[in-house]
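> Sequence below, structure please.
(one chain, ligands or ions: 1)
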Amino acid sequence: MIPRLYVTVDLKPGTVFAAGERATHYLKNVMRRAAGDPVILFNGRDGEFAATVANVTKRAVEIEIGTLRRPQAGVPDIWLCFAPLKKDAVDFLVEKATELGVACFQPVFTQHTSATRLNRDRLEANAIEAAEQTERLTLPEIREPLSLADLLQGWDPSRHLILCAEAGPALPIGEALSKLKLDVRQTNAWAMLCGPEGGFSRSELDLLSNLPFVTPVGLGPRILRADTAALAALAVFQSILGDGAQRPPAPLPPIGQSPD
Ligand code: SAH
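The predicted model follows:
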């Protein structure tokens, strides 16, 4: 496997840079790479580059940047607004939603949210690892948590909010998103909102459902755990309104062979 790494440096062909602590540890101690071994790099701005380990010293791995492999491309403009969950569930959610191509995570405190804190550094580390694994060229943004009231107060109404509603009137998600796709006023800015383990309160669901930029959707007759609900909804979103029709990039050819 060729290691694929997120780095923060500018990616300019022919230049050599010393990898940071995380990448150095991964290449040296985990993957045991040596000079001459291939690496793939992305930084969220310049696209994806083939690269080579130039030197392994005691302190850092030096990497020589090779040629552009893929030009920069984003993900569909879909935010995931989610109520902070217990540590393991939120780690799982951020990892999997990053794989599913979420552009931005917006934590939201609702009435029944039991988690009170969120470790953004840890979420970011999870997001970086998932982006590296999944051929993404961007990292998702991770925003500061907001209360539901503050989120709605500052909401840009041109961003359409898909509400995973476990109660009250709601179209099945597939039908609702297919309708939104046909809407001539269709926006390209979207968000998904999922409740906490305790669910939304009746008044939250009523408030949200009456907003002009909100579409309540149902995910079937079973009550899903909050992380399952968000991931299921995102998969349906990508298939109907997102980039579900695209294919993954071709793998790099084995070392020594040129791409055809
Ligand atoms: N404790 C609540 C359920 C919460 S499920 C209860 O018993 O009613 C957590 C969140 O997942 C919900 O707030 C909702 O956003 C989403 N969700 C779970 N199942 C769903 C379904 N069948 N349809 C739509 N949303 C669902």
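
> Smallest gap between the stretch 151-260 of the chain and the ligand, at which residue?
residue 195 (2.2 Å; CB to the nearest ligand atom). Heads up, the C-betas are built off the backbone N, CA and C, glycines and all.

> next one: phi and psi at that residue?
With angles defined as degrees, to the nearest 10, residue 195 sits at phi -80, psi 180.

> And residue 221, by the same measure?
phi -80, psi -10.

> Model confidence for it, exactly?
pLDDT, residue 221: 98.

> Which parts of the stretch 1-150 of the chain are strands?
Along the stretch 1-150 of the chain, counting by DSSP state E, counting those that start in this stretch, strands occupy 4-6, 16-18, 38-42, 48-56, 61-70, 78-82, 104-109, 141-142, 146-147.

> Let me know which of the ones you listed is tucked in deepest.
Comparing these by mean neighbour count (mean count of other CB atoms under 10 Å), strand 78-82 comes out on top with a mean of 25.

> what about that one, average pLDDT?
For strand 78-82, the mean pLDDT works out to 98.

> what angle separates it from strand 104-109?
20 degrees (axes from the mean of the first three to the mean of the last three CA atoms, to 10 degrees).

> out of the strands of the stretch 1-150 of the chain, nearest to the ligand?
Closest of these to the ligand is strand 78-82, at 8.8 Å (criterion: CB to the nearest ligand atom).

> what about that closest one and the ligand, any contact?
No - if you take CB under 6 Å from any ligand atom as the test, strand 78-82 misses the ligand, and the best it gets is 8.8 Å.

> Now do the same contact list for the residue nearest the centre of the chain.
The residue lying closest to the centre of the chain (CA atoms, centre = their mean) is residue 98, at 2.6 Å. Shown in contact with residue 98 (CB atoms under 8 Å, 6 or more residues apart in numbering): 126, 127, 130, 131, 134, 136, 139, 140.

> Near the ligand, which residues of the protein? Just list them.
164-166, 194-195, 198-200, 218-220, 222-224, 226, 229.

> Redo the strands of the stretch 1-150 of the chain as CSV? Include distance to residue 94.
Listed next are the strands of the stretch 1-150 of the chain as CSV, based on distance: least, CB to CB, whole Å:
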stretch, distance to residue 94
strand 4-6, 15
strand 16-18, 28
strand 38-42, 19
strand 48-56, 22
strand 61-70, 24
strand 78-82, 9
strand 104-109, 6
strand 141-142, 8
strand 146-147, 17
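
> which one of those strands lies closest to residue 248?
Residue 248 lies closest to strand 61-70 among these, at 11.0 Å (CB to CB).

> helices and strands around the closest one, which ones?
If you count contacts as 3 or more CB pairs under 8 Å, 6 or more residues apart in numbering; DSSP states H and E, strand 61-70 packs onto strand 16-18, helix 21-25, strand 38-42, strand 48-56.

> Save those as a markdown table, and put in mean pLDDT too.
Listed next are the helices and strands packed on strand 61-70 as a markdown table, based on pLDDT from 0 to 100:
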| stretch | mean pLDDT |
| --- | --- |
| strand 16-18 | 98 |
| helix 21-25 | 95 |
| strand 38-42 | 97 |
| strand 48-56 | 97 |
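
> Reformat those as CSV; add distance to residue 70.
CSV is the format used below for those (distance: least, CB to CB, whole Å):
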stretch, distance to residue 70
strand 16-18, 20
helix 21-25, 19
strand 38-42, 8
strand 48-56, 4
